[in-house]
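In: quick one: sequence and predicted model below, then my questions.
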Amino acid sequence: MENKFKLCPRCKSSKIIDMGDTIECADCRLEFEKIDIKTLESHQILAISEKLEFMRSIKNNHG
């Protein structure tokens, strides 16, 4: 596992579960896409659940 994927982008915990295209943090229980970790600054990375909530809010406001 690459060094970038050994720390949670949110809480900086090292308790990471590698799930292929994503990693999950055992401490904060958030899942992140590896492509985001590779390409974005740590303060820009959203968890998958946060992305889904964002998309739901856009759909609810425009649908």
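Out: Here it is on my side, so go on.
In: can you map out the helices along the protein?
Out: Assigned by DSSP state H, the chain shows helices spanning 34-39, 48-62.
In: let's have the ones you listed in JSON lines, adding mean neighbour count, distance to Cys11 and mean pLDDT.
Out: Placement of C-beta: from N, CA and C, glycine included. Converted to JSON lines, the helices of the chain look like this (neighbours: other C-beta atoms under 10 Å; distance: least, C-beta to C-beta, whole Å; pLDDT from 0 to 100):
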{"stretch": "helix 34-39", "mean neighbour count": "14", "distance to Cys11": "14", "mean pLDDT": "97"}
{"stretch": "helix 48-62", "mean neighbour count": "11", "distance to Cys11": "14", "mean pLDDT": "92"}
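In: out of those helices, nearest to Met19?
Out: Closest to Met19 of the helices of the chain is helix 34-39 (C-beta to C-beta; 9.2 Å).
In: for that closest one, C-alpha coordinates in PDB please.
Out: Extracted as PDB, the C-alpha positions of helix 34-39 are listed here (Å, rounded to 0.1, in the frame of the first residue of the first chain):
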ATOM      1  CA  LYS A  34      -7.800   6.500  -3.600                       C
ATOM      2  CA  ILE A  35      -8.100   8.600  -6.800                       C
ATOM      3  CA  ASP A  36      -9.100  11.600  -4.600                       C
ATOM      4  CA  ILE A  37      -6.100  11.000  -2.300                       C
ATOM      5  CA  LYS A  38      -3.800  10.800  -5.300                       C
ATOM      6  CA  THR A  39      -5.000  14.000  -7.000                       C
END
